[in-house]
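J.: Output the structure for:
(one chain, ligands or ions: 2)
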Amino acid sequence: EVSWKLEDHPKLPKGKTIAVVVLDGWGEYKPDQYNCIHVAQTPTMDSLKQGAPEKWRLIRAHGTAVGLPTEDDMGNSEVGHNALGAGRIFAQGAKLVDFALASGKIYDGEGFKYISKSFEKGTLHLIGLLSDGGVHSRLDQLQLLLKGAGERGAKRIRVHILTDGRDVLDGSSVGFVETLESDLTNLRGKGVDARIASGGGRMYVTMDRYENDWDVVKRGWDAQVLGEAPHKFTSAVEAVKKLRENANDQYLPPFVIVDENKAVGPIVDGDAVVTINFRADRMVMLAKALEYQDFDKFDRVRFPKIRYAGMLQYDGELKLPSRYLVSPPEIDRTSGEYLVHNSIRTFACSETVKFGHVTFFWNGNRSGCFKPEMEEYVEIPSDVGITFNVQPKMKALEIGEKARDAILSGKFEQVRVNIPNSDMVGHTGDIEATVVACKAADDAVKMILDAIEKVGGIYVVTADHGNAEDMVKRNKSGEPLKDKEGNLQILTSHTCQPVPIAIGGPGLAPGVRFRNDVPDGGLANVAATVMNLHGYVAPDDYEPTLIEVVGN
Ligand code: 3PG
Ligand code: CO
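T.: Residues are numbered from 1 along each chain as shown. Ligands and ions are numbered 1, 2, ... in the order given. So this is what the prediction gives:
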């Protein structure tokens, strides 16, 4: 039985309106021409930086600070928002799957036992993101699972790949497919009939999120389940090379692999399916299509009777999927849940593509509110069917307006938003558009800070991980790298840079400042900080607060 009552903060008052602003993909890096945040006009964020070191500092947002396996792992929105909301560092999906594979426990679990019942007569299908990005999935985990399943009786395996170019360099898909093909050749040498069956680019096929565009999932369904796609090839390497002539890795159209014009791996009755991504947001829609008997998001045409398991369970509230190979992190007692139990009325908002970040991820991968009468979650529909470099302002203005109105309404003590621009446009690799995106984000921050000024509130402005502050791949000494043709290697992915955090506003009690004894502070330290500003002391097992109150 959890005791939800938080202790009163000895020095800080209650009842202030606090804006918690998360800039998505906004890190701190040296000021050069590939730092879009530096290049952009960002007067609001620049002015906050003037408050250093008492009111502005940097915090860690990657690697072990957010529960990832190593310090080489860049941050991402899932682990970032989990840490921000939960106030503690949990071993995340990437790490849990590593453990389960290394120890072999993955094969003893209920999930694997369940799917292996199909190995004798059916095909094992593995569907997921093919790269070593480590954000949604990892190639080496797929390789181990293929080997492990082969050794444990899978006779026929079909892999349905989604090419990346978003968490890794564009163009790297070809190499990943070659690596996979050579593993599958090895497996065939051991008597397992293993092949790639279909593919497509992650942003155009399967990996939509937050129900932004079901057509994306349908395109994948048609290729993976029905074995139908506009493009047919006899080899996946050839497919990816050819399709890359007109699209980059993220946006390759769907294709199927055929033998004599017949798809080699549609999903049929009696088969087993595993979605190999550990991260939830971009797999949960497919999980619904694979698992739900009643389903009306698109016409599935055929709904095969399969044994389906996720690499993880993607939604603990919906218990989806019901079978999984590795148990997800148990992120409990999040700050959002504590705060509503301590009479903090909460407003959360973003546009569709990031809406779940400030709700689902923030609340420990839990969909829905804790106490609906205390919370209001507002989703602003994202533009659909475009790449955000053509619309770099996205819905920043609308998010700013909603937050402003929520602040001015006096109905909430916490108004929490995610402003997506620097991340979503940064992922396109379009430097000019990313500069526009950063300015739009800065404008939205200003609108929110102005509202906080009016109501005598407090603001906390931070970010979930880096992205737009560095748009090129660099060598160890930090110089931009070029490819064989002499072209700059554009970095579409996140980074390992720290992110800023700023506090302020007329409601901030005199004497509140950042402590200097938590130099390694990271995103997980933000929850206790925000609780303090609401007038409470964080639970003992939370990461320490970043602030202190001097004087009096
Ligand atoms: C994505 O899913 O868009 C990227 O892989 C990671 O971006 P995010 O962590 O910022 O959502
Ligand atoms: Co991102």
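J.: what ranges do the helices span in the stretch 251-400 of the chain?
T.: 284-291, 335-341, 352-355, 396-409 (DSSP state H, counting those that start in this stretch).
J.: any idea what the residue of the stretch 151-300 of the chain found nearest ligand 1 is structurally, helix, strand or coil?
T.: When scored by CB to the nearest ligand atom, the stretch 151-300 of the chain has D167 as its residue closest to ligand 1, at 4.7 Å. In this view, the C-beta of every residue, glycine as well, is placed from N, C-alpha and C. Classification of D167 by DSSP: H, G, I helix; E, B strand; the rest coil places it in coil.
J.: Look up phi and psi at the nearest residue to R333 once chain neighbours are set aside.
T.: Distances taken as CB to CB, 6 or more residues apart in numbering place V2 nearest to R333, at 6.0 Å, with adjacent residues excluded. Per-residue torsions, V2: phi -80, psi 130 (degrees, to the nearest 10).
J.: What number of residues are in the vicinity of V2?
T.: The tally of other residues near V2 (other CB atoms under 10 Å) stands at 10.
J.: what's the answer for the one 10 residues further on, then?
T.: Using other CB under 10 Å, L12 is surrounded by 21 other residues.
J.: which residues touch it?
T.: Contact analysis of L12 by CB atoms under 8 Å, 6 or more residues apart in numbering lists A509, V512, N532, L533, G535, V549.
J.: tell me the pLDDT at it?
T.: Per-residue pLDDT puts L12 at 98.
J.: phi, psi of the residue nearest to it when sequence neighbours are not counted?
T.: Distances taken as CB to CB, 6+ apart place G535 nearest to L12, at 5.2 Å, with adjacent residues excluded. Backbone torsions of G535, given as degrees, to the nearest 10, read phi 100, psi 20.
J.: and G535, what is it in contact with?
T.: D8, H9, L12, P13, K14, G15, K16.
J.: Name the nearest residue to D183, ignoring sequence neighbours.
T.: Using CB to CB, 6+ apart and skipping the chain neighbours, the partner closest in space to D183 is Q143 (5.5 Å).
J.: My guess is that neighbour contacts S182. True?
T.: No - shown here, Q143 and S182 do not form a contact pair, counting by CB atoms under 8 Å, at 10.1 Å.
J.: Can you get me a residue count around G551?
T.: Using other CB under 10 Å, G551 has 8 neighbouring residues.
J.: Look up how far V512 lies from it.
T.: Between G551 and V512 the distance is 10 Å, computed by CB to CB, to the nearest Å.
J.: Would you mind listing what in the stretch 51-200 of the chain touches ligand 1?
T.: N76, S77, E78, V135, H136, R166, D167 (CB under 6 Å from any ligand atom).
J.: Remind me which helix or strand the residue in the stretch 301-450 of the chain positioned nearest to ligand 1 belongs to.
T.: Using CB to the nearest ligand atom, the closest approach of the stretch 301-450 of the chain to ligand 1 is made by D423 at 4.6 Å. Assigned by DSSP states H and E, D423 belongs to helix 421-426.
J.: for that helix, packing partners?
T.: helix 36-39, helix 352-355, helix 431-455 (3 or more CB pairs under 8 Å, 6 or more residues apart in numbering; DSSP states H and E).
J.: Kindly recompute the last result at 10 Å.
T.: On a contact count with 3 or more CB pairs under 10 Å, 6 or more residues apart in numbering; DSSP states H and E, helix 421-426 meets strand 18-23, helix 36-39, helix 352-355, helix 396-409, helix 431-455.
J.: how about TSV for those, with mean pLDDT and distance to S493 added?
T.: Below are the helices and strands packed on helix 421-426 laid out as TSV (pLDDT from 0 to 100; distance: least, CB to CB, whole Å):
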stretch	mean pLDDT	distance to S493
strand 18-23	99	17
helix 36-39	98	14
helix 352-355	98	17
helix 396-409	98	22
helix 431-455	98	13
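J.: Out of these, flag the one nearest K55.
T.: helix 431-455 (12.6 Å; CB to CB).
J.: What angle do helix 431-455 and the helix or strand immediately after the closest one in the chain make with each other?
T.: On the C-terminal side of helix 431-455, the closest following helix or strand by DSSP H and E is strand 458-463. Between the axis of strand 458-463 and that of helix 431-455 there is an angle of 170 degrees, by axes from the mean of the first three to the mean of the last three CA atoms, to 10 degrees.
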